[in-house]
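Peer 1: from the sequence below, what's the structure:
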Amino acid sequence: MITLRPAGARGHFDFGWLDTRHTFSFGEYFDPEHTQFHALRVINEDRVQPGKGFGTHGHRDMEILTWVLSGALEHRDSLGTHGVIRPGEAQVMSAGTGIRHSEFNASATESVHFLQIWILPGQQGLTPRYDQVAFPDAELKNHLRLIASPDGAEGSVKLFQDVKVFASRLDAGREVLAAIPAGRAGFLHVAKGSVTLNGAALNAGDAARIEGEPSLTVMAGAPSEILFFDLA
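Peer 2: This is a model prediction of the structure:
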């Protein structure tokens, strides 16, 4: 069964410096029908104006994955990490027993557009940690590239949860295939462009819960970028 989650049905707030859309309940947005899906707890699509951002704040017991779609996001945290995240780079923080960080648009002239994803960890009280991996465009182009996994397979960032995250940049008319093992579920988020998922049409910002479907075919109707989650 494929259950669509239209982009326009998401929570939406425009604070001037930040335009944010929430696939799942977050902050002041609450929808009892969309609080999480398996271990997937948050997908926030954020656009931050030049020079603006999120001041230092804390998290606990959450796997936080950031994927930049355009622009650059500057990160600092209480572990002493300082870096810039750009398109094609996956950044992960295990908040564990507690971590504080800030995120700011690294540009004074261009906005940054990114997805922040929260995944419930398999256990609480983990030691906080940070990792960041860049994936060449050739590995993302017209291919489902593993970017996050429980064991760091294929050079992906490690998650302390039985979740695999794949990313793909599709040319118009190209498709990718995925198998979902019995007992697992999938979640597709369209970050850019437009695709069909087993024939169902999705546009940028749309998402789909996938249950009881052994295989998926995602075909791009326009240049597109997608994230696919394989969930226990």
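Peer 1: please, which helix or strand holds R47?
Peer 2: Assigned by DSSP states H and E, R47 belongs to strand 40-48.
Peer 1: which strands and helices lie in contact with that strand?
Peer 2: Packing partners of strand 40-48 (3 or more C-beta pairs under 8 Å, 6 or more residues apart in numbering; DSSP states H and E): strand 18-22, strand 112-119, strand 185-192. Backbone N, C-alpha and C define where each C-beta goes, glycine included.
Peer 1: how about a markdown table for these, with distance to A7 added?
Peer 2: As requested, the helices and strands packed on strand 40-48 are exported to a markdown table (distance: least, C-beta to C-beta, whole Å):
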| stretch | distance to A7 |
| --- | --- |
| strand 18-22 | 7 |
| strand 112-119 | 13 |
| strand 185-192 | 8 |
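Peer 1: re the thing from before, which residues touch the strand holding R47?
Peer 2: 10, 17-24, 26, 62, 73, 104-105, 111-120, 163, 187, 189, 191, 205, 207, 229, 231 (C-beta atoms under 8 Å, 6 or more residues apart in numbering).
Peer 1: can you check stretch 49-59 too?
Peer 2: So stretch 49-59 is contacted by 16-18, 73-74, 76, 93, 95, 98-105, 107-111 (C-beta under 8 Å, 6+ apart).
Peer 1: cutoff 6 Å now
Peer 2: The contact list for stretch 49-59 (C-beta atoms under 6 Å, 6 or more residues apart in numbering) reads W17, A95, I99, R100, S102, E103, F104, N105, S107, A108, T109, S111.
Peer 1: would JSON lines of these with secondary structure and pLDDT be doable?
Peer 2: Converted to JSON lines, these look like this (DSSP: H, G, I helix; E, B strand; the rest coil; pLDDT from 0 to 100):
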{"residue": "W17", "secondary structure": "coil", "pLDDT": "97"}
{"residue": "A95", "secondary structure": "coil", "pLDDT": "95"}
{"residue": "I99", "secondary structure": "strand", "pLDDT": "95"}
{"residue": "R100", "secondary structure": "strand", "pLDDT": "95"}
{"residue": "S102", "secondary structure": "strand", "pLDDT": "94"}
{"residue": "E103", "secondary structure": "strand", "pLDDT": "96"}
{"residue": "F104", "secondary structure": "strand", "pLDDT": "96"}
{"residue": "N105", "secondary structure": "strand", "pLDDT": "97"}
{"residue": "S107", "secondary structure": "coil", "pLDDT": "95"}
{"residue": "A108", "secondary structure": "coil", "pLDDT": "94"}
{"residue": "T109", "secondary structure": "coil", "pLDDT": "96"}
{"residue": "S111", "secondary structure": "coil", "pLDDT": "97"}
